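build me a model:
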Amino acid sequence: MANYFEMTRDELTAEKEALEEEYKKFQAMGLKLNMARGKPGPHQMDLAMGLLQMTDYTTDAGTDARNYGDLEGLHEARELFGDVMGVKPEEVFVGGNSSLQIMYNLISMGYCFGFPESPCPWSQVEKRKFLCPVPGYDRHFAITEEFGFELISVPMTPTGPDMDVVEKLVAEDDTIKGIWCVPQYSNPDGYTYSDETIDRFAKMKTAAPDFKIFWDEAYIVHHLTDEIIETPVLLNECKKYGTEDRVFMFTSTSKITFPGAGVSALACSEAMMKYICKRFSVMIISYDKMNQLRHVRFLKNKEGVLAHMAKHRRRLVPCFDAVKTAFNEELTPCGDIAHWTNPKGGYFISLYVMPGCAKRVAQLCKDCGLTLTGAGSAYPYHKDPADAHLRIAPTYPSLDEVETASDLLCVCVRLAAVEKLLAENA
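I've put the predicted structure just below:
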């Protein structure tokens, strides 16, 4: 295997033919592999089956979790999530199985009614905008696109969004109403925001008095190494500057217990909590408190959560290592045709192929039975300007399947790169 950029046209043509033969071997295997979404595998979900064995639904306060009441969530559940997120129980709202649903409801709340400091509902703001660090989470972007926001891309760096860009935009434009953030093991790069980035978020000046930070702590306990990375708690940092009302922090147990039957949580200032509960009280009396209590009894506290996640880590690390090993062995010798992230946590690896090749790689994989997240999905409107990024999710398949998928993916990356180089040299 040689550096593609040092090959002659005849050598590249021979390499293309060899790769096509290798690709045909994968086609003959009749593969049905999926690395499109960051879903826990069956063996991970099996780890939480014990929480379904509970039969006593009496809370510590002596109330019956099976009945109405406790819109904000059971006190025990608010304590658990407060412990995990580093905030007070009074600042926690515990919802249903989906943190994404809470995010959607808050965007909808701003759209229909605005927030206490809003000059008007967001629906009345012409050319309203929302900031989107890229690459980022497509489902975040889809929510604000659904409500008619113009999505503004902000470059991601290893320490978080480019804060020079963020600060300039929000200081000058009062139609920018918020920003999406995944501050720990970001989706999909796996970056963790630096202390300086978090401090700048807390103290930055915003033209819009109702600017909101949607701070998704989806991977706050999803460590892939023995190093337990912890960052300053944005809500607490904002209190130092009197900006705590701008923060909405989210998390859930979706990738801790069961994605389809977990528990979500929101953390915000107590003043904002009162406003949100007032609005939510029209929509719902309470979320599933039986499930909340099951999770509390099973996970107990942050220490219990981390112990449970160590079991996940033992399952996931070999899968992540298999992908990175394949990339190092199969792509690195070919020259600068691809680079990738090496996350210390989270659920994804970002693979950056040669510009103009991501869609081709994804299609080659699909045609051979390997489904990836669509090329461009990590960018607003699914448009990657460079057509270079692919989000790799090695969590759901078995280790054997991950190894096969990684080998196929490398063949597709190399084939797309050779095709491009031949086209450029035509």
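
neighbours of C319, how many?
Close neighbours of C319, defined as other CB atoms under 10 Å, add up to 23. Backbone N, C-alpha and C define where each C-beta goes, glycine included.

report the mean confidence score over the strand or helix carrying it.
Using DSSP states H and E, C319 maps to helix 302-330. The average pLDDT for helix 302-330 rounds to 97.

identify each buried residue in whichever helix or strand comes after it, please.
Downstream of helix 302-330, the next assigned helix or strand under DSSP H and E is strand 338-340. By 16 or more other CB atoms under 10 Å, the buried positions in strand 338-340 come out as A338, W340.

direction included, what does strand 338-340 pair up with?
strand 349-353 (antiparallel) (DSSP bridges).

can you tell me, leaving aside adjacent residues, what's nearest to the residue nearest in space to the middle of the chain?
Taking CA atoms, centre = their mean, the centroid of the chain lies closest to N187, which sits 3.6 Å from it. In this structure, N187 finds its nearest non-sequential neighbour in Y137, 4.5 Å apart by CB to CB, 6 or more residues apart in numbering.

that neighbour is in contact with V182, isn't it?
Yes. At 6.1 Å, Y137 counts as touching V182 under the criterion of CB atoms under 8 Å.

overlap in contacts of the two?
D216 (CB atoms under 8 Å, 6 or more residues apart in numbering).

give me the more crowded residue out of these two.
Set Y137 next to V182 and count neighbours by other CB under 10 Å: V182 wins out with 28 against 24.

show the average pLDDT along the strand ranked longest in the chain.
The single longest strand within the chain, with elements called by DSSP state E, is strand 150-157. For strand 150-157, mean pLDDT rounds to 98.

need the contact list for V221.
V84, I256, K302, V305, L306, M309.

how far away is it from Y379?
28 Å (CB to CB, to the nearest Å).

over to T58?
49 Å.

who has more neighbours, the two?
Higher neighbour count among T58 and Y379: Y379, with 20 against 11, using other CB under 10 Å.

tally of neighbours for the closest residue to the more buried one other than its chain neighbours?
Take Y379 and drop its neighbours on the chain: the residue closest to it by CB to CB, 6+ apart is V134, 5.1 Å away. By the criterion of other CB under 10 Å, V134 has 20 neighbours.

surely V134 meets T157?
No. Between V134 and T157 there is no contact under CB under 8 Å: 11.2 Å.

list residues touching both of the two?
With CB under 8 Å, 6+ apart, V134 and T157 have no common neighbours.

contacting residues for the residue nearest to Y379?
By CB under 8 Å, 6+ apart, the neighbours of V134 are S153, V154, P155, M156, A378, Y379, P380.
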